[in-house]
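**Student:** need coordinates for the below:
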Amino acid sequence: MKVTVEEAAPCKKKIHVEVPKEEVDRKFQEIYGELKQKAQLPGFRPGRAPLSLLRARFGPYVRDQVLEKLLPEAYENALEEAGVKPALEPKIPQIELEEGKEFRMVIEVETEPEFELGEYTDLEVEEKSYSPSEEEVEKFLERMREQKATLSDREDGVAQEGDLVVIDYQVELDGEPVEGKKGEGMSLILGRKETVPGFEEGILGHKVGETFPVDVEFPEDHYDKDLAGKKGCFVVTLKEVKKRELPSLDDEFAKSMGFSSLEELKESVRKDLQKEYDRKAREEMVEGLKERLVARYDFPLPPSLVEERVARRLDDEKFKFRLRGMDPDKANVDWEERKKELEEEVIKEVRFSYILSKIAQAEGIKVEEDDLREEVEKVAQRLQRPLEEVADLMYRSGRLHGLSLDMLHERVLDFLLEKAREAISQDEPVAEEEESRNESEGE
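**Tutor:** Prediction:
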């Protein structure tokens, strides 16, 4: 087999493959031989039909069978011989297969970038540390109380602060209903101020069954650009008013949550909040590492990989608008500008990913099979599905590779953060010595 590699562009190659006609003919003969024994043609006993008749009757079928046998093998061998690592599934835009001739094909492949690894153990990043305040603990406990709130109909049906109300509404501009801007059976808790300013206040004091207007001014940064900055009106029908009663924050409440006392519950909340803060601190430090490390490199990336991830991010953002009943094209978003912003983010993230993989290779950092299996077990437990079933599904969908890569990169980040801490600790005595010397000179 002859393999020729053509550099089409940075991170893009064309691999020209040629399989000798002797091997091609051998495959055709094999298929025709099998077909000859099976085919039942008028006037001929099985195994006696002439090859010319088989070619005339089954030529396209045989060609497909030969291609099915030749292509995968030639494809795998060509990639191995060319020594390329595809970043995405390669494309095969050209195939030539005919009996008595060489089999030719062209494989277009976007490859992983090739670059020299520079210094990476001298990165300095600011150590981050946060702790939850007592106020935050109290707010968290208050949210827990709200989750345990009981609801009952208000006897007079009049909406008050803190009540849960169910409404229908229609948005109007200049006295005319706005198409698509209405809702039925919408629930909200008065006083949380989670809607347009003035909307919740306009419901207070009204009674179940009433239909009434609530005048508002939509903020300039409102997500719907058709409404942003305009004065409008919600025509509201109040359907239900529920009084919310919260349990007392005491030992009995703690016991209902599975703790022996209120103090034990508070301590558990502190620990949970601390875990979130520790995660936040690490994320900020990793972001600092990313900025410093990526700034040292400027190698090309597989264009389709970047385009695919940008498109996926855009689709995700637009889908969130649709979940809220919004047309994303009418939202207060410049999608072309947003696409450019996402492209910058994706380029940085993809480049960072390749750098981390390169460092892992240089440092011999790996993910052992047992560690990967342990993480898959956690996924299986969350899904309440058999381990082997989940592992097979993750393998076929590519998520297993993604999980393994994420674990590998986390280990590289731990390594880099430790090196960054060492770099900081080594600089501190020097800084202190310099400061002491300056003070002495000043005297």
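**Student:** okay but Leu173 is in contact with Lys230, surely?
**Tutor:** Yes. At 6.2 Å, Leu173 counts as touching Lys230 under the criterion of C-beta atoms under 8 Å. Bear in mind the C-beta positions are built from the backbone N, C-alpha and C, glycine included.
**Student:** counting neighbours, what do you get for Glu307?
**Tutor:** Residues near Glu307, counting by other C-beta atoms under 10 Å, number 12.
**Student:** check it and give its pLDDT.
**Tutor:** Listed pLDDT for Glu307 reads 94.
**Student:** show the backbone phi and psi for it.
**Tutor:** The phi/psi pair for Glu307 (degrees, to the nearest 10) reads phi -60, psi -40.
**Student:** how close does it get to Glu172?
**Tutor:** 42 Å (C-beta to C-beta, to the nearest Å).
**Student:** strands of the stretch 251-400 of the chain, residue ranges please.
**Tutor:** Ranges of strands within the stretch 251-400 of the chain: none, based on DSSP state E, counting those that start in this stretch.
**Student:** what bits of it have low per-residue confidence?
**Tutor:** Scanning the stretch 251-400 of the chain for pLDDT under 70 picks out no residues.
**Student:** helices of that one, start to end?
**Tutor:** Ranges of helices within the stretch 251-400 of the chain are 251-256, 262-294, 303-323, 335-363, 369-383, 387-397, 399-442, based on DSSP state H, counting those that start in this stretch.
**Student:** in the shortest one, what counts as buried?
**Tutor:** When you say that, I think you mean helix 251-256. Neighbour-count burial for helix 251-256 flags Phe253, Ala254 (criterion: 16 or more other C-beta atoms under 10 Å).
**Student:** what does that helix contact?
**Tutor:** Residues outside helix 251-256 that contact it (C-beta atoms under 8 Å, 6 or more residues apart in numbering) are Arg145, Lys148, Pro247, Ser260, Ser261, Leu262, Glu264, Leu265.
**Student:** make a ChimeraX selection of the buried ones in those.
**Tutor:** Filtering those down to the buried ones (16+ other C-beta under 10 Å) takes a single ChimeraX command:
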select :262,265
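**Student:** pick the one among the contacts of helix 251-256 closest to Leu323.
**Tutor:** Of all the contacts of helix 251-256, Leu323 sits closest to Lys148, with 27.6 Å by C-beta to C-beta.
**Student:** ok so, going back, so which of the helices of the stretch 251-400 of the chain is nearest Glu240?
**Tutor:** helix 303-323 (23.9 Å).
**Student:** counting contacts, what elements does the closest one pack onto?
**Tutor:** Under the contact criterion of 3 or more C-beta pairs under 8 Å, 6 or more residues apart in numbering; DSSP states H and E, helix 303-323 touches strand 103-110, helix 335-363.
**Student:** now the residue most central in space within the chain, nearest residue through space, not along the chain?
**Tutor:** Centroid-nearest residue in the chain, with C-alpha atoms, centre = their mean: Arg313, separated by 7.8 Å. With sequence-adjacent residues excluded and distances taken as C-beta to C-beta, 6 or more residues apart in numbering, Arg313 is closest to Leu342, at 4.9 Å.
**Student:** please tell me I have it right and the one you found contacts Asp316.
**Tutor:** No. Counting by C-beta under 8 Å, Leu342 does not reach Asp316; the two are 10.0 Å apart.
**Student:** more neighbours, those two?
**Tutor:** Taking neighbours as other C-beta under 10 Å, Leu342 and Asp316 compare with Leu342 leading, 19 against 9.
**Student:** list the contacts for that one?
**Tutor:** Residues near Leu342 by C-beta under 8 Å, 6+ apart: Val310, Arg313, Leu314.
**Student:** distance of the first one from Glu276?
**Tutor:** Right, the one you point to is Val310. Here Val310 is placed at a distance of 30 Å from Glu276 (C-beta to C-beta).
**Student:** name the residue in these two with the higher neighbour count.
**Tutor:** Val310 (20 against 12).
**Student:** which residues touch the more buried one?
**Tutor:** The neighbourhood of Val310, defined by C-beta under 8 Å, 6+ apart, consists of Lys339, Leu342, Glu343, Val346.
**Student:** distance to Glu389 for the residues you listed - can I get that in TSV?
**Tutor:** Shown next, in TSV, are these (distance: C-beta to C-beta, whole Å):
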residue	distance to Glu389
Lys339	38
Leu342	35
Glu343	38
Val346	33
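**Student:** of the residues you listed, select the buried ones using a PyMOL command.
**Tutor:** In PyMOL syntax, the buried subset of the contacts of Val310 is picked out as below (16+ other C-beta under 10 Å):
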select buried, resi 342+343+346
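**Student:** tell me how many other residues surround the closest residue to Gln274 other than its chain neighbours.
**Tutor:** Nearest residue to Gln274, sequence neighbours excluded (C-beta to C-beta, 6+ apart): Pro132, at 6.1 Å. Residue neighbour count, defined by other C-beta under 10 Å, stands at 18 for Pro132.
**Student:** check the secondary structure at Pro132 for me.
**Tutor:** Reducing the assignment at Pro132 to three states with DSSP: H, G, I helix; E, B strand; the rest coil gives coil.
**Student:** distance of it from Asp272?
**Tutor:** 9 Å.
**Student:** what's the answer for Glu23, then?
**Tutor:** Taking C-beta to C-beta, one finds Glu23 at 64 Å from Asp272.
**Student:** now Arg279
**Tutor:** Arg279 is 11 Å from Asp272, by C-beta to C-beta.
**Student:** for Glu263, same thing?
**Tutor:** 15 Å.
**Student:** helices along the stretch 1-150 of the chain, start to end?
**Tutor:** 21-38, 51-82, 134-147.
**Student:** now the ones you listed as a markdown table including mean pLDDT?
**Tutor:** Shown next, in a markdown table, are the helices of the stretch 1-150 of the chain (pLDDT from 0 to 100):
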| stretch | mean pLDDT |
| --- | --- |
| helix 21-38 | 87 |
| helix 51-82 | 89 |
| helix 134-147 | 93 |
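**Student:** who wins for proximity to Arg192 among these?
**Tutor:** The nearest among these, by C-beta to C-beta, is helix 134-147 at 9.8 Å.
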